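A.B. asks: Quick one: sequence plus predicted model below, questions after.
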Amino acid sequence: MERAAVIVAIDGPSGTGKSSTSKAVAAQLGLSYLDTGAQYRAITWWMVANGIDIDDPAALAAAAGKPDIVSGTDPAHPTITVDGTDVAGPIRTQEVTSKVSAVSAVPEVRARITELQRSIAAGAERGIVVEGRDIGTTVLPDADLKIFLTASPEARAARRSGELKGADVHSTREALLKRDAADSSRKASPLAKADDAVEVDTTELTLPQVIECVVTLVEEKRAGK
Ligand SMILES: Nc1ncnc2c1ncn2[C@@H]1O[C@H](COP(=O)(O)OP(=O)(O)O)[C@@H](O)[C@H]1O
Ligand SMILES: Nc1ccn([C@H]2C[C@H](O)[C@@H](COP(=O)(O)OP(=O)(O)O)O2)c(=O)n1
């Protein structure tokens with residue numbers, strides 16, 4: 001018998017392991033994968049490239065509908081394009097990272113991206129792992145399984161500065177905490193744990209341990225436990 005599509009929501013702050021865990025879980029279980037942070041980064045990249053004033057919420061709101069953002073959902077090769085241009089590299093710059101919280105706080109931006117996320121999830125025939133900040137609370141409140149990943153700021157900063165080759169751990173930690181505070185305190189759909197999410201503290205866990213934990217939780221759900 002064909003298995004019903006399963007929807008998994010993985011939320012949490014930066015550097016807790018959402019992307020690496022979600023990609024691996026989706027690949028292992030044959031599900032699609034969606035990085036919603038990449039979508040907010042992509043719209044931020046477009047705003048910067050088009051000279052929109054990031055400090056002007058009305059200007060951001062007015063432009064929110066303009067860029068055409070397309071996410072490829074194969075966990076082995078996730079892609080993201082804006083108006084047909086591959087932006088996978090440009091969305092990871094420090095400039096975009098420092099501006100993404102302001103852009104993603106604008107309700108019109110969130111409404112646009114949320115609609116896109118829901119239509120991608122609805123179209124995933126075998127199911128999907130969607131990672132972000134508000135997936136379990138707002139985007140997919142009926143997800144079959146909700147996970148909220150956490151880790152100490154020190155562990156998260158060490159992971160991130162390891163990625164940015166040589167970036168100072170202290171300044172990485174400060175930038176990361178500043179972004180978490182902005183994402184958690186905004187009015188529109190802030191970063192938050194859903195009441196029915198399973199919280200996993202990854203500080204002392206290896207990535208394979210986190211992946212195994214989530215795969216087991218999905219399989220338990222599928223078995224109807
Ligand atoms: N449990 C873990 N232990 C050690 N490093 C990890 C762990 N989980 C993720 N990482 C590493 O931390 C970095 C950030 O992980 P990522 O999945 O991008 O986090 P997020 O999507 O939550 O920002 C990556 O380099 C990743 O390999
Ligand atoms: N569902 C989401 C996902 C991301 N965002 C915003 C807030 C985040 O700071 C940025 C970037 O998210 P991303 O997951 O790429 O961030 P990290 O790679 O974990 O540092 O996007 C959001 O508002 N809602």
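C.D. replies: In hand now; what should we look at? Ligands and ions are numbered 1, 2, ... in the order given.

A.B. asks: measure residue 120 to ligand 1 for me?
C.D. replies: Taking C-beta to the nearest ligand atom, to the nearest Å as the measure, residue 120 falls 18 Å from ligand 1. Any C-beta I mention is one placed from the backbone N, CA and C, and that applies to glycine too.

A.B. asks: Could you give me the buried positions within the helix or strand harbouring that residue?
C.D. replies: Here residue 120 sits within helix 107-123, counting by DSSP states H and E. Neighbour-count burial for helix 107-123, with 16 or more other C-beta atoms under 10 Å as criterion, is recorded at 108-110, 112-114, 116-117, 120-121.

A.B. asks: moving C-terminal of that helix, what's the next helix or strand?
C.D. replies: strand 127-132.

A.B. asks: Can you dump the C-alpha atoms of stretch 169-179 in CSV for me?
C.D. replies: Extracted in CSV, the C-alpha atoms of stretch 169-179 (Å, rounded to 0.1, in the frame of the first residue of the first chain):
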residue,chain,number,x,y,z
VAL,A,169,33.7,33.0,17.3
HIS,A,170,32.8,36.0,19.6
SER,A,171,31.6,38.3,16.8
THR,A,172,29.7,35.3,15.2
ARG,A,173,28.0,34.6,18.6
GLU,A,174,27.0,38.3,18.9
ALA,A,175,25.6,38.5,15.4
LEU,A,176,23.7,35.2,15.8
LEU,A,177,22.2,36.3,19.1
LYS,A,178,21.2,39.6,17.6
ARG,A,179,19.4,37.9,14.8
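
A.B. asks: right, is it up against ligand 2?
C.D. replies: Yes: shown here: stretch 169-179 in contact with ligand 2 (C-beta under 6 Å from any ligand atom) through residue 179.

A.B. asks: can you list the residues that contact that stretch?
C.D. replies: Stretch 169-179 has contacts (C-beta atoms under 8 Å, 6 or more residues apart in numbering) with 13-15, 97-98, 100-101, 153-154, 156-158, 160-161, 164.

A.B. asks: try stretch 144-161
C.D. replies: Outside stretch 144-161, the residues touching it (C-beta under 8 Å, 6+ apart) are 6-18, 21, 135-136, 167-170, 172-173, 176-177, 193-194, 196-203, 210, 214, 217-218, 221.

A.B. asks: Among those, which are located in strands?
C.D. replies: Among those, the members falling in strands (DSSP state E) are 6-11, 198-201.

A.B. asks: So for the helix or strand bottoming out on mean pLDDT in the chain, what gets flagged as buried?
C.D. replies: Between all helices and strands in the chain, the lowest mean by mean pLDDT, DSSP states H and E belongs to helix 153-163, at a mean of 88. By neighbour count with 16+ other C-beta under 10 Å, helix 153-163 contains the buried residues 153, 155-157, 159-161.

A.B. asks: Tell me how many other residues surround the residue nearest to residue 111 when sequence neighbours are not counted.
C.D. replies: Excluding the flanking residues, the one nearest residue 111 by C-beta to C-beta, 6 or more residues apart in numbering is residue 64, at 7.7 Å. Residue 64 has 21 neighbouring residues, counting by other C-beta atoms under 10 Å.
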